[in-house]
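> Give me a 3D structure for the following:
(4 chains)
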Protein chains: 2
Amino acid sequence: MTVSKTASDAVRSSRALRREPVDPAGDDSMLQLGELSGLLGYSLKRAQLKVFEDFLRCVAPLQLTPAQFSVLLLLDKNPGRNQTEIANTLGILRPNFVAMLDALESRDLCARMRSTNDRRSHILVLTDKGRAVLARAKKLVANKHEARLIEVLGPANHAALLEMLAKLAQEF
Amino acid sequence: MTVSKTASDAVRSSRALRREPVDPAGDDSMLQLGELSGLLGYSLKRAQLKVFEDFLRCVAPLQLTPAQFSVLLLLDKNPGRNQTEIANTLGILRPNFVAMLDALESRDLCARMRSTNDRRSHILVLTDKGRAVLARAKKLVANKHEARLIEVLGPANHAALLEMLAKLAQEF
DNA sequence: GATATTTGATATGGTGCATAACGATTATTA
DNA sequence: TAATAATCGTTATGCACCATATCAAATATC
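Reported below is the predicted structural model:
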């Protein structure tokens, strides 16, 4: 079952994501959003969907989801860690992390190695292919995805936005 | 099947939401996030989860999810609309909107009325109870949820954040 | 009047998230 | 040391969310 999940994963990000709040003068007139536009959570969710959508587009050649990219990044920056540690810092529950790793490992992007100290845990390592894919992904993300974000927002706003979101993610 | 879905929905928001990126000096040391902290999508998602979590806490007495609250808001501001129109402006697909309405209608917060002009469509209306619940929800959201956000970010930053998120949701 | 479109609805499948439980291994402690 | 508890990866399972295809009824279009 893990293998079939992996296979379907490979096609997933190629599916077009489109659930626009349609109303370009489609029916009668534009509906009134009311205090909805002042709800931070509402705009937050909407913006997040758009940004993820763009991420998938930009990194589509490599078939990486945002979550997969974050795993590869973490593995690169933190060698010698086990599944629990990586999953925890990403806010992923261990049971759900298993299938994620199965997918990455089946594509030879990373590997599980039984630890010699603690034979329960798996030390996670990037493969050479994993490092290569990560390097290409980083370039696509920086030059296409983030570049577009900075262009739309402006560099100063982009930085301010990042800071505020980080604050929300921490002190909230 | 729609009814059982509704029944389980009523308990949903009471379930504690906790998937913190655990690492308060738990194991060895803090893992390096690397360029992850500079990824807007990452912080965006993290922040969105936190904000929704707080929304659910604040409005828990009324058992309303963010999506349900947005529906009630729209119905109040846009009387006489049908399911397709409401669902579209919220980015909800019509098939998925059916169960949402079933849940709200079973709690007597809104009602479907067959249109006299077009007997295919259902005109959606808030019930008296729906209006009352919405009024209470608005107060909770403003005085507890949004108030806390403004307190953490500062009023000016909060406004700037809203503006940037709205721009992302539109021009992206 | 025949055909196409729209509306709400159903069925279905994929994906994410959460909990309980298990075997293997390690840590704790009686 | 022996018994017990805790941890690691894993499986199974269920719910919520999102997406597509399809349907009957009603309407629009030709």
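
> only C-alpha atoms for contact and neighbour calcs from this point on.
Will do.

> quick one, phi psi at A:D108?
phi 60, psi 40 (degrees, to the nearest 10).

> now do A:F52
phi -60, psi -40.

> So what's the residue count around it?
Other residues near A:F52 come to 20 when the count uses other Cα atoms under 10 Å in any protein chain shown.

> tell me which element the closest residue to it other than its chain neighbours is part of?
The shortest distance from A:F52 to any non-neighbouring residue, by Cα to Cα, 6 or more residues apart in numbering or on different chains, is to B:G41 (6.3 Å). If you go by DSSP states H and E, B:G41 is part of helix B:40-58.

> Restricting the selection to alpha carbons, write that helix to PDB.
The C-alpha coordinates for helix B:40-58 follow below in PDB (Å, rounded to 0.1, in the frame of the first residue of the first chain):
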ATOM      1  CA  LEU B  40       7.200  32.800   2.600                       C
ATOM      2  CA  GLY B  41       4.900  29.800   1.900                       C
ATOM      3  CA  TYR B  42       6.300  28.000   5.000                       C
ATOM      4  CA  SER B  43       5.700  30.900   7.400                       C
ATOM      5  CA  LEU B  44       2.400  31.600   5.700                       C
ATOM      6  CA  LYS B  45       1.100  28.100   6.300                       C
ATOM      7  CA  ARG B  46       2.400  28.000   9.900                       C
ATOM      8  CA  ALA B  47       0.800  31.400  10.700                       C
ATOM      9  CA  GLN B  48      -2.400  30.400   9.100                       C
ATOM     10  CA  LEU B  49      -2.700  27.200  11.200                       C
ATOM     11  CA  LYS B  50      -2.000  29.200  14.300                       C
ATOM     12  CA  VAL B  51      -4.600  31.900  13.400                       C
ATOM     13  CA  PHE B  52      -7.300  29.300  12.600                       C
ATOM     14  CA  GLU B  53      -6.500  27.500  15.900                       C
ATOM     15  CA  ASP B  54      -7.100  30.700  17.800                       C
ATOM     16  CA  PHE B  55     -10.200  31.400  15.800                       C
ATOM     17  CA  LEU B  56     -11.600  28.000  16.900                       C
ATOM     18  CA  ARG B  57     -10.700  28.700  20.500                       C
ATOM     19  CA  CYS B  58     -12.300  32.100  20.600                       C
END
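
> Name all residues that make contact with A:Q68.
Counting by Cα atoms under 8 Å, 6 or more residues apart in numbering or on different chains, A:Q68 touches A:100, A:104.

> tell me the centre residue of chain A?
Using Cα atoms, centre = their mean, the residue of chain A that lies closest to the mean C-alpha position is A:P66, 1.6 Å off.

> Report pLDDT for that one.
With respect to pLDDT, A:P66 has a value of 98.

> ok, now which ones touch it?
A:52, A:55-56, B:42.

> Pull the most distant pair out of those residues.
Spanning the widest gap among those are A:L56 and B:Y42, at 13.1 Å by Cα to Cα.

> number of nearby residues for the residue nearest to A:F52?
25.

> For it, give its distance to B:A166.
15 Å (Cα to Cα, to the nearest Å).

> Chain neighbours aside, what residue packs nearest to A:R81?
In space, and not counting its chain neighbours, A:R81 is closest to A:I123: 5.4 Å by Cα to Cα, 6+ apart.

> Helix, strand, or coil at the one you found?
strand (DSSP: H, G, I helix; E, B strand; the rest coil).

> Tell me how many other residues surround the closest residue to A:L126 other than its chain neighbours.
Once flanking residues are discounted, A:L126 sits nearest to A:C110: 4.2 Å by Cα to Cα, 6+ apart. For A:C110, the neighbour count with other Cα under 10 Å is 23.

> Stretch A:133-143: which residues count as buried?
A:133-134, A:137-138, A:140-141 (16 or more other Cα atoms under 10 Å in any protein chain shown).

> now the helices: where do they sit in chain A?
All helices of chain A, identified by DSSP state H, fall at A:2-12, A:40-58, A:66-77, A:83-90, A:94-106, A:128-140, A:147-153, A:155-170.

> So for B:S115, which of the ones you listed sits nearest?
Among these, the nearest to B:S115 by Cα to Cα is helix A:40-58 (29.9 Å).

> From the contact counts, what lies against that closest one?
Helices and strands touching helix A:40-58, by 3 or more Cα pairs under 8 Å, 6 or more residues apart in numbering or on different chains; DSSP states H and E, are helix A:66-77, helix B:40-58, helix B:155-170.

> at 6 Å instead, please
helix B:40-58, helix B:155-170 (3 or more Cα pairs under 6 Å, 6 or more residues apart in numbering or on different chains; DSSP states H and E).
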